[in-house]
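[1] prediction below, plus the sequence it came from.
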Amino acid sequence: MGWLAAALFRRVQGAGFYEDLHRRAVSLLPPGQGAHWLDVGCGPGLLARLAVARGYTVTAVDRDPAMIVAAERTPRNHADGLSFRVSSLEMLTVSPLRGAVVSAGSLLAVMDDRRQGLGHLLTLLHPGGTLLLVEPTAEMTLRRAWRWLHRQGLRRMRGRGWLLLWAATRQPGRAVDHAGLMQALPEGGDWQVTGTPLLGGMVTVWQISAGGEP
């Protein structure tokens, strides 16, 4: 994506609603106690930073070198147990990196082959691990976002414009719902899928595991 996209994503991740959304997503998982968390498509590093604060050791990867540079230049990302590297999802599947938690934010919605992408993500889990997906829903529309801001009394909230931009540029037909997610999961697995709606139902946090504890 390059430097312009990295600068844009850094601004988005600094918005109050966006940070709160991802903090709540991370809080759905138990404290890490040093367990390894692999964040795929990390961008400037918000989700990875929140996972470290939750007690995990985190490796955050992005295929765009500009995103990794932006993450490493963010002072709040300078924390013990947090490292960044350039890598793609395909490269990760043939690497030794695995996690008790694997996370991806707004990734499935932009994948052309959702089944293949989801399969790749699941192969990165330790046995009993959890895949955490943060995905906008079909409810993520400009009108819905504005109404949510109004109801919350957040029309002057820091970064509110980024929520409106996010909603305006999303394609509802690409949203991830429960039926589509179940269809994309590899066949033959005893998958446990939990969806938690956040941001007034405009985002769902999906937890997927094959049973057991991380």
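    That came through fine. Residues are numbered from 1 along each chain as shown.
[2] CA only for contacts and neighbour counts going forward, please
    Fine.
[3] nearest residue to P186 other than its sequence neighbours?
    Once flanking residues are discounted, P186 sits nearest to G119: 6.2 Å by CA to CA, 6 or more residues apart in numbering.
[4] mind checking how far the residue nearest in space to the middle of the chain is from W146?
    Nearest to the geometric centre of the chain sits G105, at 2.1 Å (CA atoms, centre = their mean). In this view, G105 and W146 are 22 Å apart by CA to CA, to the nearest Å.
[5] can you check G188 too?
    Distance, G188 to W146, by CA to CA: 42 Å.
[6] who has more neighbours out of the two?
    Comparing G188 with W146 by other CA atoms under 10 Å, the one with more neighbours is W146, at 18 against 6.
[7] what is the helix or strand encompassing that one packed up against?
    According to DSSP states H and E, W146 maps onto helix 142-152. Judged by 3 or more CA pairs under 8 Å, 6 or more residues apart in numbering; DSSP states H and E, helix 142-152 is in contact with helix 160-169.
[8] ok, then the element right after the helix it packs on?
    helix 178-184.
[9] not counting that next one itself, show me its contacts.
    Residues from elsewhere that reach helix 178-184, judged by CA atoms under 8 Å, 6 or more residues apart in numbering: R114, R115, Q116, L118, G195.
[10] for the protein, just list every one of the strands.
    If DSSP state E is used as the criterion, the strands of the chain fall at 36-40, 57-62, 82-86, 99-105, 125-136, 192-198, 203-209.
[11] what would these look like in CSV with mean pLDDT and distance to L142?
    What follows is these, written out as CSV (pLDDT from 0 to 100; distance: least, CA to CA, whole Å):
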stretch, mean pLDDT, distance to L142
strand 36-40, 98, 27
strand 57-62, 97, 28
strand 82-86, 97, 33
strand 99-105, 97, 20
strand 125-136, 95, 13
strand 192-198, 96, 16
strand 203-209, 96, 13
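[12] tabulate those in TSV, adding columns for distance to P30.
    Formatted as TSV, the strands of the chain follow (distance: least, CA to CA, whole Å):
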stretch	distance to P30
strand 36-40	12
strand 57-62	14
strand 82-86	18
strand 99-105	11
strand 125-136	11
strand 192-198	15
strand 203-209	12
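[13] quick one: closest of the ones you listed to A167.
    Smallest distance to A167 across the strands of the chain (CA to CA): 8.9 Å, for strand 125-136.
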